[in-house]
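Asker: Output the structure for:
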Amino acid sequence: MTRDTKIIHRVLSNDGIRLLQVQTHLLNQQINLCHSSCSLQSSGPISNYLSTLSTWLLANPTEVVTLLITNPDSIQPSTFGEDFVSAGLDKLAYTPASTATSRDEWPTLGAMIDQGKRLVVFMDYNADFGAVPYIIDEFSNVFEDAYDTTSQDFPCTVNRTSGSPETTLMLTNHYLDYTTTIFGLQVFLSDKSKLTTTNSASGYGSIGQGVANCVDQWKRNPNFVLVDWYDSNGITPFSLVASLNGVAAPTNAVTISEFTASGSSSSSSAAASGTSQAASTKGTAKATGTSTASGGNVSSSSLSAAPASLRIPAVGTLAATLLGTALGVAWIAI
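Answerer: Next up is the predicted model:
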């Protein structure tokens, strides 16, 4: 098993992550997972990643996973579709009725499980409903607030959308950056010095504060909350999402990884969906949520298993720290 597939298994099985975020680029006529530059850091072809995801989904028939693909090269969805077909994920992917789905019209988790359509795929740019209908345009269905923020205010104001924030799902970017200059270029790096505050449940700059700002402005919880280094604070972020969804706090341990504990200057954005009570309570949660697994495992939070999602051009020693480092937390509160 490669390092990437081990990471996927850890975040899905051990830590209960249910949304994976990847950044893609075209390299040698293959779609590869890399950030900024594949020449500096490539995690290999997306086909390997999708194959691992397919294996996990087939082994866990009552789980729903969301995949968010960032597509800065504007690769054609039909090219992605070939890899989805090869992995067998086209048969597991949910296809909506139209390009845009109101946040109140998503099917329940139970319905998706019953139908065998347990993978929700979003793409930020160049999705084509007519070509590959199960690759869903993100910004017609989800709005995002500002990213790469260096302020701990996290106000939850609209930054990117092509739909109405009143009717679409909500994604808030709750990760704190600082700026520096490399080779004369200003870059954003994850502010690990404030990490335990940023990933805490309450207080200025916390996840709790960011969610509260979203509630104040939009009168509802965000559907997705993205953070860096999701394992920095143990189960604290998981417990918070459980409270937002009205379910019991998780009991399993989330171990701090060597990357989170180190002082390396890498960061990744992760997206996640939220929870329902359990897979057996069908019909209670929307499809962008996840069910709570048996045995006390934390299925209540969804995190990105993207191999490195740096927000900077990866240079020098930074490139060596990218693969499988920071993973982020996010939820849907139903």
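Asker: pLDDT at the residue lying closest to residue 103 once chain neighbours are set aside, what is it?
Answerer: Closest residue to residue 103 apart from its sequence neighbours, by Cβ to Cβ, 6 or more residues apart in numbering: residue 169 at 5.1 Å. Bear in mind the C-beta positions are built from the backbone N, C-alpha and C, glycine included. At residue 169, the model reports a pLDDT of 93.
Asker: How about residue 113?
Answerer: 95.
Asker: can you check the one 4 residues further on too?
Answerer: Per-residue pLDDT puts residue 117 at 97.
Asker: Does it fall in a helix, a strand, or a coil region?
Answerer: coil (DSSP: H, G, I helix; E, B strand; the rest coil).
Asker: Now for the closest residue to it other than its chain neighbours: which residues touch it?
Answerer: The spatially closest residue to residue 117, leaving aside those adjacent along the chain, is residue 94, at 4.1 Å (Cβ to Cβ, 6+ apart). Counting by Cβ atoms under 8 Å, 6 or more residues apart in numbering, residue 94 touches 107, 112, 117, 118, 119, 120, 121, 134, 287.
Asker: Which of those sits closest to residue 198?
Answerer: Among the contacts of residue 94, residue 120 lies closest to residue 198 (Cβ to Cβ), at 26.9 Å.
Asker: these two touch, right, that closest one and residue 136?
Answerer: Yes: under the criterion of Cβ atoms under 8 Å, residue 120 makes contact with residue 136 at 7.2 Å.
Asker: mind listing the helices for the stretch 151-300 of the chain?
Answerer: Per DSSP state H, counting those that start in this stretch, the stretch 151-300 of the chain carries helices over the ranges 195-198, 207-218, 236-245, 258-261.
Asker: ok, back up a step: I'd like to know the beta-bridge partner residues of the residue nearest to residue 103.
Answerer: residue 142 (DSSP bridges).
Asker: ok, back up a step: which of the contacts of residue 94 are buried? Put it as a PyMOL command.
Answerer: Selection of buried members from the contacts of residue 94 for PyMOL, criterion 16 or more other Cβ atoms under 10 Å:
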select buried, resi 107+112+117+118+119+120+121+134+287
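Asker: and the contacts of residue 94 as a markdown table, adding distance to residue 221?
Answerer: A markdown table is the format used below for the contacts of residue 94 (distance: Cβ to Cβ, whole Å):
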| residue | distance to residue 221 |
| --- | --- |
| 107 | 19 |
| 112 | 21 |
| 117 | 25 |
| 118 | 23 |
| 119 | 23 |
| 120 | 18 |
| 121 | 23 |
| 134 | 26 |
| 287 | 16 |
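Asker: now, the most widely separated pair of the contacts of residue 94?
Answerer: Using Cβ to Cβ, the two most remote members of those are 107 and 121, lying 14.7 Å apart.
Asker: Pass me the low-pLDDT residue ranges in the protein, would you?
Answerer: 1-10, 13-14, 16, 258, 262-334 (pLDDT under 70).
Asker: Need the single longest helix in it, by residues.
Answerer: helix 46-59 (DSSP state H).
Asker: Now do the following helix or strand past that helix and helix 46-59, the angle between them.
Answerer: The element immediately downstream of helix 46-59 (helix or strand, assigned by DSSP states H and E) is strand 65-70. Calculated by axes from the mean of the first three to the mean of the last three Cα atoms, to 10 degrees, strand 65-70 forms an angle of 170 degrees with helix 46-59.
Asker: Check which helices and strands the next helix or strand after strand 65-70 is in contact with.
Answerer: Remark: after strand 65-70, the chain's next helix or strand is helix 77-87, criterion DSSP H and E. If you count contacts as 3 or more Cβ pairs under 8 Å, 6 or more residues apart in numbering; DSSP states H and E, helix 77-87 packs onto strand 30-34, helix 46-59, strand 119-123, strand 135-137.
Asker: Run the chain-centre distance for helix 77-87.
Answerer: Counting by Cα atoms, centre = their mean, to the nearest Å, helix 77-87 is centred 20 Å from the centre of its parent chain.
Asker: which residues are contacting it?
Answerer: 24, 31, 45-47, 50-51, 53-54, 69, 90, 93, 121, 123, 126-128, 131-132, 134-135.
Asker: pull the CA atoms of it into PDB?
Answerer: Extracted in PDB, the C-alpha atoms of helix 77-87 (Å, rounded to 0.1, in the frame of the first residue of the first chain):
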ATOM      1  CA  PRO A  77     -14.800  16.600 -17.200                       C
ATOM      2  CA  SER A  78     -14.900  13.800 -19.800                       C
ATOM      3  CA  THR A  79     -11.200  13.200 -19.100                       C
ATOM      4  CA  PHE A  80     -12.000  12.800 -15.400                       C
ATOM      5  CA  GLY A  81     -14.900  10.600 -16.300                       C
ATOM      6  CA  GLU A  82     -12.500   8.000 -17.900                       C
ATOM      7  CA  ASP A  83     -10.800   7.600 -14.500                       C
ATOM      8  CA  PHE A  84     -14.100   7.400 -12.600                       C
ATOM      9  CA  VAL A  85     -15.300   4.700 -15.000                       C
ATOM     10  CA  SER A  86     -12.000   2.700 -14.600                       C
ATOM     11  CA  ALA A  87     -12.400   2.900 -10.800                       C
END
